[in-house]
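Visitor: Need the 3D shape of this:
(3 chains)
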Amino acid sequence: MPELPEVEITRQSFALAITGAKILRVNLGKALRWPLGCDTLDLQGLQVLGVRRRAKYLLIDLSQGLLLVHLGMSGSLRFAKSMPERGVHEHFEMHTSQGILRLKDPRRFGAVVYARTPSDAQAQKLLGHLGPEPLESDFTLANFKAALQGKTAAIKTVLLDARVVVGVGNIYANEALFLAGINPKSAAGKLSAQRLEKLLLAVQRVLRRALAVGGSTLKDFSSAEGKEGYFQLEMMVYDRAGEPCRVCQTPIRAIRQGQRSTFYCTRCQKR
DNA sequence: AGGGTGACCTGTCGGC
DNA sequence: TGCCGACAGGTCACCC
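Guide: Numbering: from 1, shown residues only, chains lettered A, B, ... in the order given. Next comes the predicted model:
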């Protein structure tokens, strides 16, 4: 489900409400991708200082250490004063003095990991290699160019590489390439500076737009308050195989790249 | 070192 | 109706 816009919308939807809360009790369901990294009792009594985002991770700062939350492919968080009984796919639950936080994740590719310090080994493994935030000032043309230098891999695949830029997943990689008029199969290292700049701006534009409309709700994404997103209504190519291009009417083509679906317009994205 | 693949896990959907 | 394969918003580990 979640790429940068969905993760950021999730963050915004509960950060204020949970800040200042005391952790009362934590319950776990089935195993997620990685173990919590501490006893649930260790979290009791800690206070939530705030919620940040790095790449597709939510960082819940605590009075001691922090929780890294990743939504994987199918995860969503919910925060509310009270909730019905925990469902089969709700594998993490945190009762606090200000409400209950729950992670629902049917596929269990997501995770909640406790890091006692920023240098925690698991935290380093997950966050240490991450590249620039696409909507922050370190995502510059010079950095982007340097990251793609000499790469022969297809630009679509490279856009999904978190060392190059974080937060861009399959939907927004497809959409950004369309906006930039770039063929997803083009070798990343062969794109001119001018075309790279177009792509950089397209990545930012598509992410900002998705943020503005609450993210994409394809199947079941919603914010921690239960609000759905509407970006799916504006998708130009993603999941539109065979449908007419919204610009030139050419049927959208679907191919596989790196075991992921790619969608593009053969006329608007020639090279 | 870069690039490609398999693995993790559950649910859903289309085709026969 | 039922079964089976393909595929789904991610990313790490491993191979060459």
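Visitor: any idea of the pLDDT on the spatially most central residue of chain A?
Guide: Against the mean C-alpha coordinate of chain A, by C-alpha atoms, centre = their mean, the closest residue is A:E3 at 2.5 Å. pLDDT for A:E3: 97.
Visitor: contacting residues for it?
Guide: Shown in contact with A:E3 (C-beta atoms under 8 Å, 6 or more residues apart in numbering): A:K56, A:G167, A:V168, A:G169, A:N170, A:I171, A:Y172, A:A210, A:S216. C-betas here are computed from N, CA, C, even on glycine.
Visitor: For DNA strand C, tell me which of those residues show up nearby.
Guide: A:K56, A:G169, A:N170, A:I171, A:S216 (C-beta under 7 Å from any atom of the strand).
Visitor: residues in the stretch 1-150 of chain A within reach of DNA strand C, list them.
Guide: Contact residues, the stretch 1-150 of chain A versus DNA strand C (C-beta under 7 Å from any atom of the strand): A:1-3, A:6, A:33, A:55-56, A:70, A:72-74, A:107, A:109, A:125-126, A:129.
Visitor: Counting neighbours, which of these end up buried?
Guide: Buried by 16 or more other C-beta atoms under 10 Å: A:M1, A:P2, A:E3, A:E6, A:A55, A:K56, A:H70, A:G72, A:S74, A:L126, out of these.
Visitor: Filter those residues down to the ones in strands?
Guide: Residues of these located in strands (DSSP state E): A:H70.
Visitor: Which one of the ones next to DNA strand C among the contacts of A:E3 sits in the busiest neighbourhood?
Guide: Among the ones next to DNA strand C among the contacts of A:E3, the one with the most neighbours (other C-beta atoms under 10 Å) is A:S216, at 28 neighbours.
Visitor: Return the member of the residues of the stretch 1-150 of chain A next to DNA strand C nearest to DNA strand B.
Guide: Among those, A:R107 lies closest to DNA strand B (C-beta to the nearest atom of the strand), at 3.4 Å.
Visitor: contacting residues for the closest residue to that closest one other than its chain neighbours?
Guide: Leaving aside its sequence neighbours, A:R107 sits nearest to A:S74 (C-beta to C-beta, 6 or more residues apart in numbering; 4.2 Å). Contact analysis of A:S74 by C-beta under 8 Å, 6+ apart lists A:M1, A:D105, A:P106, A:R107, A:F109, A:G110, A:D220.
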